[in-house]
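In: after the sequence you'll find the predicted model.
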Amino acid sequence: MKRVNSDDDGVMTILRGISALGGLFATGREVDRVGSFEAGRVRVSTVALPFAHGEDDDGSPLIFETMTFLDGTWSDVNCIRYATREEAAKGHDIEVARAVAEYGVSL
């Protein structure tokens with residue numbers, strides 16, 4: 001299992017081993033949020049993940065995730081994962097635009 005953690009400089013470090021997983025939650029750090037949007041019935045959230053959730057086509061770990069939620073539920077209607085913070089930030093903006101258009105909410 002790969003685990004991802006941000007050091008104080010925001011550099012992503014990949015740690016291997018299940019024993020490393022608990023350390024992220026023990027630090028009491030807030031979620032490493034890349035973006036957040038909420039309007040009407042739509043919520044879009046993009047965060048760094050505590051461990052890799054697969055790999056992209058180049059073998060880079062997917063360590064960021066954008067999720068879209070509707071009507072105040074925690075059931076996601078869309079989930080997209082990224083390998084870099086830059087991809088995640090761009091993807092967040094694209095998902096917000098898509099959700100706004102699809103669900104008819106205003107910015």
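Out: Right, received. Where do you want to start? None of these values were measured; they are calculated from a predicted model.

In: going forward, measure contacts and count neighbours with C-alpha atoms only.
Out: Noted.

In: where does K90 land in three-state SS?
Out: helix (DSSP: H, G, I helix; E, B strand; the rest coil).

In: that one: how many residues sit nearby?
Out: Counted by other CA atoms under 10 Å, the residues lying close to K90 total 12.

In: okay, it and S75: tell me how far apart.
Out: From K90 across to S75, the span is 23 Å (CA to CA, to the nearest Å).

In: also V96?
Out: Taken as CA to CA, the span from V96 to S75 is 17 Å.

In: looking at the two, which is more packed in?
Out: In this view V96 and S75 are compared by other CA under 10 Å, and V96 has more residues nearby, 23 against 11.

In: what helix or strand does the nearest residue to that one once chain neighbours are set aside sit in?
Out: Once flanking residues are discounted, V96 sits nearest to V44: 6.4 Å by CA to CA, 6 or more residues apart in numbering. Using DSSP states H and E, V44 sits within strand 42-48.

In: what sits up against that strand?
Out: Contacts to strand 42-48, defined as CA atoms under 8 Å, 6 or more residues apart in numbering, come from residues 31-38, 63-72, 85, 88-89, 92, 95-96, 99-100, 103, 105.
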